[in-house]
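**Q** Dropping a prediction and its sequence here:
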Amino acid sequence: MKSKFRGLRLVASTATIAIAGAVGTVSFAQATSEVDDPEKLVIETDAGNQLVSFSIDAIKKEFPVRERATRTPWTTSGEIVRFRGVYLKDLLAKHHLDEHRAVEVRADDGFMARVPKEDIDSYAPMIAYEKECTDADRQNGKCDADDTYRQLDIDESGPFFVVWPYDKLPASYIPARNNLWVWWVIAVRPVR
């Protein structure tokens, strides 16, 4: 099933592309492997072939659950969101793909961002799959009274979303490189 927001990215990213296009981090090229299930995260080889596919449950079993409390480019000033997920560097290391110069992170709508290895090493981006429950989540039934976290849903850029430590990023990254906060992630591929 494809995202009901496939066309939304193009409109939402127009400003980002205009700013970040000069940096060369945005691409709409398709990778070699076909990803049919937006509920799974696919790790590809540098040739674009599928190496492994993970559900959220499989990621939780295979990798340490990481937590990050951060702002995002879209939250209000001072608003902190708490996420859970897996560090991108852990995913790459597990499959011996951590020595490449960059990775491409592909979204369900065809959007792709290239993330340099230096940024992965310096800022530890996370592939988030859960966010902390809020009172509003409990009121609208997304969380039970005793839930702490819940899975990201498609309406909030899930089920997989690249999250950075916003306040640790250089000022030059904001907003010029907001395209690195990839929504609806379906695949990660190393680049030589």
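**A** Yep, that arrived.
**Q** least trustworthy helix or strand in the protein by mean pLDDT?
**A** helix 14-20 (a mean of 35; mean pLDDT, DSSP states H and E).
**Q** For Q139, see how far away the residue lying farthest from the centre of the chain is.
**A** The outermost residue of the chain relative to its centre, with distances by Cα atoms, centre = their mean, is A145 at 27.6 Å. In this view, A145 and Q139 are 11 Å apart by Cβ to Cβ, to the nearest Å. Using the backbone N, CA and C atoms, a C-beta is placed for each residue, glycine as well.
**Q** Now do the contacts for the residue nearest the centre of the chain.
**A** Nearest residue to the geometric centre of the chain (Cα atoms, centre = their mean): V162, 2.1 Å. Residues near V162 by Cβ atoms under 8 Å, 6 or more residues apart in numbering: 88, 105, 113, 115, 125-128, 180-183, 185.
**Q** ok, now I186?
**A** Neighbours of I186 in contact, by Cβ under 8 Å, 6+ apart: V35, P38, K40, L41, V42, R106, A107, D108, F160.
**Q** and if you look at K40?
**A** With Cβ under 8 Å, 6+ apart, K40 has these contacts: S53, F54, S55, I186.
**Q** of all the residues you listed, which two lie farthest apart?
**A** Using Cβ to Cβ, the two most remote members of those are S55 and I186, lying 12.4 Å apart.
**Q** Nearest spatial neighbour of the residue farthest from the centre of the chain, chain-adjacent residues omitted?
**A** R138 (6.2 Å; Cβ to Cβ, 6 or more residues apart in numbering).
**Q** Please confirm that that neighbour is located within a helix.
**A** Yes - judged by DSSP: H, G, I helix; E, B strand; the rest coil, R138 forms part of a helix.
**Q** Would you map the strands across this protein?
**A** In the chain, the strands defined using DSSP state E lie at 26-27, 41-44, 50-54, 66-70, 81-87, 102-107, 112-116, 126-132, 149-151, 161-163, 185-191.
**Q** can you put these in CSV and add mean pLDDT and distance to K94?
**A** Shown next, in CSV, are the strands of the chain (pLDDT from 0 to 100; distance: least, Cβ to Cβ, whole Å):
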stretch, mean pLDDT, distance to K94
strand 26-27, 43, 25
strand 41-44, 97, 8
strand 50-54, 96, 9
strand 66-70, 98, 14
strand 81-87, 98, 9
strand 102-107, 96, 13
strand 112-116, 96, 17
strand 126-132, 97, 12
strand 149-151, 97, 22
strand 161-163, 97, 17
strand 185-191, 96, 12
